[in-house]
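Undergrad: Provided below are the primary sequence and the corresponding predicted coordinates.
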Amino acid sequence: MATIKSFLLSSTVLVISACPVALGQTPQQSAQVRETDPVPAPASASGHDDGQSVSPRPVLEQRYPRYKVQREDVLSLSFPLSPEFNQTITVQPDGYVSLYGGPNLHIQGMTVPEVAEAIKKAYAGTLHDPIVDIDLQDFQRPYFTVSGQVGKPGQYDLRHDTTVAEAIGIAGGFTPQAKTQVFLFHRVSAGWFEVKQLKLNDVLNGKKANEDSYLGAGDMIFVPEKFITKFRKYVPYGIGIGTGVTVSPY
């Protein structure tokens, strides 16, 4: 976190590689393959690879990305021409599903249309040119997280278009110790976050209301403490009225 903090102090917007421990990423998430291939390292002056690799770059975010199947999702499969194969499947912790009369199939990370094509291929040896309709019955709800100096830090469902200011209100609002200059961690792609600094004091006062950002699934808002609040934690004295500095007994 020290490295991320140093970047935040020097730049308004930057892109960082997400650390599983620092940004709360689970081991399963960190093990997922990146969406982009690593960029090969430039050759050294001798023409040989110097053994150093360049970090992969984030891909451009899709405007209307399709939902990707995750663990514990429940899907209903309907075969109009072969109703005896109708079934409800649940994605197991390892990303596989067990198909009735068919093989185990790994579908985690696929979109629903991609799952439909994979199931058609899985049944190709049993059914002739099968038709399958898929209904996503239960799925992982999109969410956002608010941490730091708010009334109720935690994770909340992202049920509709929500701005950063609205999200802080949902999380109980600012505490008296809160700094209104907050940081938005927006997921660009797997393993990458864009960090944006927002001055909500201007937004809440109506000066720059259009600069309030909308949240995406998995975004995190961090509300830091005011500098004076941090300072008082480490200063072993108080200020007396009319008597100068008064030493605290503690």
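TA: Arrived safely.
Undergrad: Quote the end-to-end distance of stretch 185-203.
TA: End-to-end distance of stretch 185-203: 18 Å, with Cα to Cα, to the nearest Å as the criterion.
Undergrad: can you pull the buried residues of that stretch?
TA: 185-196, 198, 200, 203 (16 or more other Cβ atoms under 10 Å). C-beta: built from backbone N, CA, C; applies to glycine.
Undergrad: Next: stretch 133-141.
TA: Those would be 134, 139, for stretch 133-141 by 16+ other Cβ under 10 Å.
Undergrad: ok, residue 204 touching residue 180?
TA: Yes. Look at residue 204 against residue 180 with Cβ atoms under 8 Å: they come within range, at 7.4 Å.
Undergrad: any shared contact partners between the two?
TA: Common neighbours of residue 204 and residue 180 (criterion: Cβ atoms under 8 Å, 6 or more residues apart in numbering): none identified.
Undergrad: These two: which is more packed in?
TA: residue 180 (19 against 16; other Cβ atoms under 10 Å).
Undergrad: Leaving out chain neighbours, which residue sits closest to that one?
TA: residue 201 (4.0 Å; Cβ to Cβ, 6 or more residues apart in numbering).
Undergrad: Secondary structure element holding that neighbour?
TA: helix 200-204 (DSSP states H and E).
Undergrad: And that helix, what does it pack against?
TA: helix 164-170, strand 181-189 (3 or more Cβ pairs under 8 Å, 6 or more residues apart in numbering; DSSP states H and E).
Undergrad: ranking those by mean pLDDT, which is last?
TA: Across the helices and strands packed on helix 200-204, strand 181-189 has the smallest mean pLDDT, namely a mean of 85.
Undergrad: That one: partners in the sheet, and parallel or antiparallel?
TA: Counting by DSSP bridges, the strands paired with strand 181-189 are strand 192-199 (antiparallel), strand 220-223 (antiparallel).
Undergrad: Domains in this protein, by residue range?
TA: 2-27+141-230, 74-138 (automatic domain parsing).
Undergrad: List the contacts of stretch 131-145.
TA: 24, 67, 69-81, 88, 112, 115-116, 119-120, 123, 154-159, 162, 167, 215, 217-221.
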